[in-house]
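[1] make a model of this:
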Amino acid sequence: MINFNQQEQTCFVSGRLTQVEVKQLWPKRQELFTASTQVIDLAALEYVDSAGVALLLAFVRLSHPSTEEKSGSRQLVNPSEQLVKMIELYDLDAFFSKK
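    I've put the predicted structure just below:
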């Protein structure tokens, strides 16, 4: 199970993000964040598979339904230890920050 906790400009993501969750979240992915979300904190993400990594990368580019432009300014920060291994495996350092 995955949880999204919005606090001002940061959304804290916790739980597990696997193909099962991605299938459920994909249709409503644009509704998961507010227009003001600038940072997606991943410190409490326990487990991520490759489908989850792809969804996280999609989150960076998504615009909120109430805005017309893609913000492109969202940051993925504080990847968990397990996610760090995936980042290294897929050479995705440019997309994640250790804040």
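
[2] give the rounded mean pLDDT of the lengthiest strand in the chain.
    In the chain, taking DSSP state E as the definition, the longest strand is strand 39-48. Here strand 39-48 scores 96 as its mean pLDDT.

[3] elements contacting that strand?
    strand 10-17, helix 50-61, strand 75-77, helix 81-90 (3 or more C-beta pairs under 8 Å, 6 or more residues apart in numbering; DSSP states H and E). The C-beta positions use only the backbone N, C-alpha and C, and glycine is treated the same way.

[4] okay, these in TSV with mean neighbour count and distance to residue 96 next?
    Shown next, in TSV, are the helices and strands packed on strand 39-48 (neighbours: other C-beta atoms under 10 Å; distance: least, C-beta to C-beta, whole Å):
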stretch	mean neighbour count	distance to residue 96
strand 10-17	18	13
helix 50-61	17	8
strand 75-77	18	5
helix 81-90	14	5
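
[5] to residue 39, which of those lies closest?
    Nearest to residue 39 among the helices and strands packed on strand 39-48 is strand 10-17 (4.4 Å), distances taken as C-beta to C-beta.

[6] what packs against the following helix or strand past the closest one?
    As assigned by DSSP states H and E, the chain's next helix or strand after strand 10-17 is helix 19-25. Other helices and strands packing on helix 19-25, by 3+ C-beta pairs under 8 Å, 6+ apart, are helix 50-61.

[7] neighbouring contacts of the longest strand of the chain?
    9-18, 33, 56, 59-60, 74-80, 82-83, 86, 96, 99 (C-beta atoms under 8 Å, 6 or more residues apart in numbering).

[8] try 7 Å this time
    9-18, 59, 74-80, 82-83, 86 (C-beta atoms under 7 Å, 6 or more residues apart in numbering).

[9] one step back: just put the helices and strands packed on strand 39-48 in a markdown table and tack on distance to residue 3.
    Shown next, in a markdown table, are the helices and strands packed on strand 39-48 (distance: least, C-beta to C-beta, whole Å):
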| stretch | distance to residue 3 |
| --- | --- |
| strand 10-17 | 5 |
| helix 50-61 | 14 |
| strand 75-77 | 16 |
| helix 81-90 | 16 |
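
[10] I am finished for the moment; much appreciated.
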